[in-house]
Every structure is written in structure tokens, then in C-alpha cells.
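K.L.:
fold the following and give me the result.
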Amino acid sequence: MPALALKYRPTRLDEMIGQPHLLGKGAVLSQLIKTNALPHTFFYGPPGCGKTTLARIIASSLDRPFYEMNATTLKIEEVRKIFKEFIHSFQKPLLFIDEVHRLSKNQQEVLLPFMENYAGLIIGASTENPYYSLTAAMRSRSHLFELYSIDGKHLYAYLEQIISKEGLHVEEAAKEYLVFSSGGDVRAMLNLLESAAAVQSPVSLATLKQIRPHAIQAGSSESDSHYELTSAMIKSIRGSDIDASIYYLARLIEGGEPAEFIARRLAILASEDIGNANPPALTLASSTLTIVKHIGYPEARISLSQLVIYLASSPKSNAAYTAINAAMQDIQSGATHPIPSHIKTHAKAYLYPHDFNGWVEQSYLSTPKKYYQSKQIGFEKTLFEWHEKITSHF
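P.N.:
Numbering: from 1, shown residues only. Here you go, the predicted structure:
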């Protein structure tokens with residue numbers, strides 16, 4: 001019997017799960033595929049969310065020969081050979097390139113002519129956003145779409161279908177563990193189910209945990225979602241409750257939450273909730289993120305604990321958070337202020353502050369606007385006093 005992940009791999013767009021923003025009713029990507037108007041496209045998203053499957057479905061829907069390559073082993077001559085075979089054909093191939101963010105500039109330059117004259121349709125995929133790894137020329141000739149990890153609701157419904165079709169017996173607690181421990185990865189969920197079903201029937205939670213002791217991406221306890229636990233930890237830190245913060249950190253760790261995920265959330269909090277009230281918080285959060293990437297569990301728990309205690313003990317200010325949000329809200333609402341002529345590049349009327357003992361009065365916004373409001377908490381008070389002194393008239 002073929003592996004479950006292969007056996008139940010979707011072959012039609014309506015069989016894809018968990019990507020309604022791209023493939024739901026009226027979604028743009030779905031329409032582009034159905035009308036055969038899809039340009040060169042790059043997909044990115046976490047493992048097991050359907051990037052390769054979607055590319056294969058597109059090839060089938062458009063009736064195109066499908067060629068699958070990996071950017072790490074892609075050979076230019078092979079690419080040229082593929083396109084050469086179809087040079088006089090009305091049927092053009094679909095070239096799928098995985099790990100597209102690893103394409104070298106030389107490889108991208110070779111692909112450009114084929115993209116330009118549409119010798120074939122190129123679709124790339126990556127677990128990382130390839131925007132910054134692709135050249136401007138590649139980006140201008142393609143679209144970029146993000147796929148999300150499959151949410152628990154869709155995963156659970158899909159799991160129930162597979163269990164029914166395969167005639168398997170799975171305990172309810174085991175079903176819950178199959179879903180949450182797979183972190184939105186359909187392939188990982190079905191692989192775990194298949195291994196456990198080969199060991200016993202009905203499949204039990206104990207057996208699953210022997211095979212996969214911890215969640216592979218986004219872990220949680222069995223009674224609380226990982227989102228709720230993460231939110232509880234963040235709110236406890238924001239509220240300066242050290243013990244509650246440590247408790248929820250422990251719950252996340254015991255639930256198999258990846259150390260990197262926790263560190264990333266704490267790094268966000270360091271700017272959003274502490275900011276310039278205690279600037280070293282962001283530095284410590286950055287260092288912790290780097291450390292846990294290299295050491296992993298069990299030692300990573302100590303670094304995370306140290307960071308959580310430091311953040312919970314720090315003075316809090318969300319002034320940086322509210323300032324950027326206010327400015328972005330202005331821009332999104334159409335309040336775009338022209339750059340004053342005297343601070344444009346090579347402007348002769350520009351007053352160089354260093355020629356005036358560090359500060360000179362001149363406008364930098366065509367329409368004066370106040371976005372940042374210092375709360376004068378912690379080090380923020382020092383920054384406020386510095387700024388007041390700098391901008392005071394001499």
C-alpha cells in the first residue's frame with residue numbers, strides 16, 4: 001500500500017485544504033489558474049502546506065508537461081534541454097523549482113530569457129520568503145503567493161476523512177495529538193498516523209508520543225491551544241508577573257513548542273511592549289534567539305527562562321509600537337506627505353545640522369504631524385530629555 005501522504009495527495013484544486021485566501025471561491029490565484037492566465041509564480045510557506053502539490057495540480061489543469069527540480073542541484077544545461085524540446089511545440093512545459101530561494105544569480109540570469117519569451121511556465125517554491133533572494137528582474141516577471149500552515153480545524157476534518165477511508169481505529173486523544181503535534185503539516189500528520197497504525201489498533205496517544213515525543217513545529221498542551229498559551233505568556237510578561245510568565249513558558253516547553261518560536265515571540269514583545277523604556281531588552285532577546293537556534297533543548301529552556309524573567313522585570317512602553325502604527329495608518333488612508341524640496345537629494349537649500357552645533361531648525365515633513373508620544377518610562381525619559389536638549393534653541 002502506498003504511503004498515506006502520497007495516496008491522498010490532492011489531484012484537483014477543490015481537493016486542496018487550508019488555503020481559502022488563494023484557492024477559495026473567487027480567490028485571485030484560483031481564477032488565474034482556471035482561466036489559464038497564471039504568469040510565472042513563486043509559492044512560499046511552511047513544510048507540508050501543499051506548495052509542490054499545488055504546482056502539480058496547476059500542471060495537470062493546464063495540461064502541461066511537468067518537470068520538477070531543486071535549486072540546490074539545478075543544472076543549467078538540463079533547463080536549456082527541457083525548453084529546447086518544446087521550442088516548436090504549442091504545448092509548453094511547467095518547470096517547478098523547489099528551494100527557489102537558493103537560486104544563484106547566475107541561475108536566475110539564465111532563466112530570465114525563458115521567462116521573458118514564455119518558453120514555459122516557471123513555478124518556484126520555498127519554505128522561506130524568496131522575495132529578497134530573487135533579483136528585481138525575476139520579481140518583475142512573476143507573482144509571489146504565500147501559503148499558510150493548515151489550521152487545526154481543516155487538519156482535523158481531513159484526518160477524520162482519512163481514518164474513515166482507511167478503516168482505522170484511533171482514540172480521540174490520539175486524534176487531537178496528531179493534529180496539534182504536526183504544526184499544520186499534512187504530510188507529517190499522515191506519516192505519524194501511518195507509523196502508529198502499523199504498531200497497534202486502536203492508535204493510542206501513548207504510542208504517538210513514543211514516535212513523536214514533541215511537536216515538530218508549533219506545540220501545545222492537549223487541553224490548551226498553543227496560541228492561548230503563547231498569548232497567556234505574553235500578557236503575563238506585559239503585566240510584569242514573573243511567576244505566571246515562567247509557568248506559561250514551562251507549559252509551552254513541555255508541550256513541545258520549538259525554542260525558536262518562543263524566542264521569536266519574545267523578541268517581538270521586547271520591541272512592542274518594552275521598547276526604549278529598556279533598549280537592552282531587544283539586544284538580549286536577539287542574543288537568546290541566536291543561542292537557542294544553536295543549542296536547542298534541554299539547555300535552551302535556561303536561556304528562555306532568563307529572558308522571560310528579564311522582560312517581565314523591565315519597565316514597559318509601547319510608544320515605538322504605537323508610533324509606527326500611527327504613521328502607517330496615515331499612509332494607508334492616503335495621507336502621503338510630499339518630501340520638502342530642501343531635503344531632497346542634492347538640494348542646495350538643505351541645512352547641514354553638524355554645521356550648526358548639531359541641530360538647526362528646518363522642516364522635514366511638508367505637513368507637521370505628531371506620531372511619537374514619549375511615555376517617559378525608564379530609559380525613555382532619558383531619550384526624551386536628550387531630544388529636548390538637542391532641539392532647544394541655542
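K.L.:
helix/strand/coil for the residue nearest to residue 31 when sequence neighbours are not counted?
P.N.:
Leaving aside its chain neighbours, residue 31 sits nearest to residue 37 (7.8 Å; criterion: CB to CB, 6 or more residues apart in numbering). In this view, the C-beta of every residue, glycine as well, is placed from N, C-alpha and C. Look at residue 37: counting by DSSP: H, G, I helix; E, B strand; the rest coil, its state is coil.
K.L.:
got it, and the one 10 residues further on?
P.N.:
When the structure is split into helix, strand and coil by three-state DSSP, residue 47 lands in coil.
K.L.:
grab the nearest non-local neighbour of it.
P.N.:
Using CB to CB, 6+ apart and skipping the chain neighbours, the partner closest in space to residue 47 is residue 185 (5.4 Å).
K.L.:
against residue 255, how distant is that neighbour?
P.N.:
According to CB to CB, to the nearest Å, residue 185 stands 17 Å off from residue 255.
K.L.:
kindly report the same for residue 361.
P.N.:
Separation of residue 361 from residue 255 (CB to CB): 56 Å.
K.L.:
mind listing what's buried along stretch 276-291?
P.N.:
Going by neighbour count (16 or more other CB atoms under 10 Å), the buried part of stretch 276-291 is 276-278, 281-282, 284-285, 288-289, 291.
K.L.:
centre of the chain to it, how far?
P.N.:
Offset of stretch 276-291 from its chain centre (CA atoms, centre = their mean, to the nearest Å): 21 Å.
K.L.:
for that stretch, give the mean pLDDT please.
P.N.:
Average pLDDT, stretch 276-291: 96.
K.L.:
one more: stretch 98-117?
P.N.:
Stretch 98-117 carries an average pLDDT of 91.
K.L.:
what lies in contact with it?
P.N.:
For stretch 98-117, the external contacting residues (CB atoms under 8 Å, 6 or more residues apart in numbering) are 40, 42, 44, 51-52, 68-72, 74, 76, 79-80, 83, 97, 119-120, 122, 124-126, 128-130, 133-135, 137-138, 141-142.
K.L.:
one more time with 7 Å, if that's ok
P.N.:
Stretch 98-117 is contacted from outside by 40, 42, 52, 70-72, 74, 76, 79, 83, 120, 122, 124-126, 128, 130, 133-135, 137-138, 141, using CB atoms under 7 Å, 6 or more residues apart in numbering.
K.L.:
low-confidence stretches in the protein?
P.N.:
Where the chain drops to pLDDT under 70, the residues are 1-2, 216-226, 393-394.
K.L.:
domain parsing for it?
P.N.:
As assigned by automatic domain parsing, the chain contains the domains 19-146, 152-211, 226-313, 319-374.
K.L.:
any idea how far apart the tips of the first one sit?
P.N.:
The first residue of domain 19-146 is 9 Å away from its last residue (CA to CA, to the nearest Å).
K.L.:
what ranges do the helices span in the stretch 151-300 of the chain?
P.N.:
Assigned by DSSP state H, counting those that start in this stretch, the stretch 151-300 of the chain shows helices spanning 152-166, 172-180, 186-199, 205-211, 226-238, 242-254, 259-269, 280-295, 300-313.
K.L.:
next: the stretch 1-150 of the chain.
P.N.:
Ranges of helices within the stretch 1-150 of the chain are 4-7, 20-23, 28-34, 51-61, 76-85, 105-116, 136-140, based on DSSP H, counting those that start in this stretch.
K.L.:
residue contacts, the residue positioned nearest the centre of the chain?
P.N.:
Centroid-nearest residue in the chain: residue 45, 6.8 Å away (criterion: CA atoms, centre = their mean). Taking CB under 7 Å, 6+ apart as the criterion, residue 45 is in contact with 51, 146-148.
K.L.:
out of these, which end up buried?
P.N.:
Buried positions within the contacts of residue 45, assessed by neighbour count (16+ other CB under 10 Å), are 51, 147.
K.L.:
so can I have a markdown table of the contacts of residue 45 showing distance to residue 161?
P.N.:
Below are the contacts of residue 45 laid out as a markdown table (distance: CB to CB, whole Å):
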| residue | distance to residue 161 |
| --- | --- |
| 51 | 21 |
| 146 | 26 |
| 147 | 20 |
| 148 | 20 |
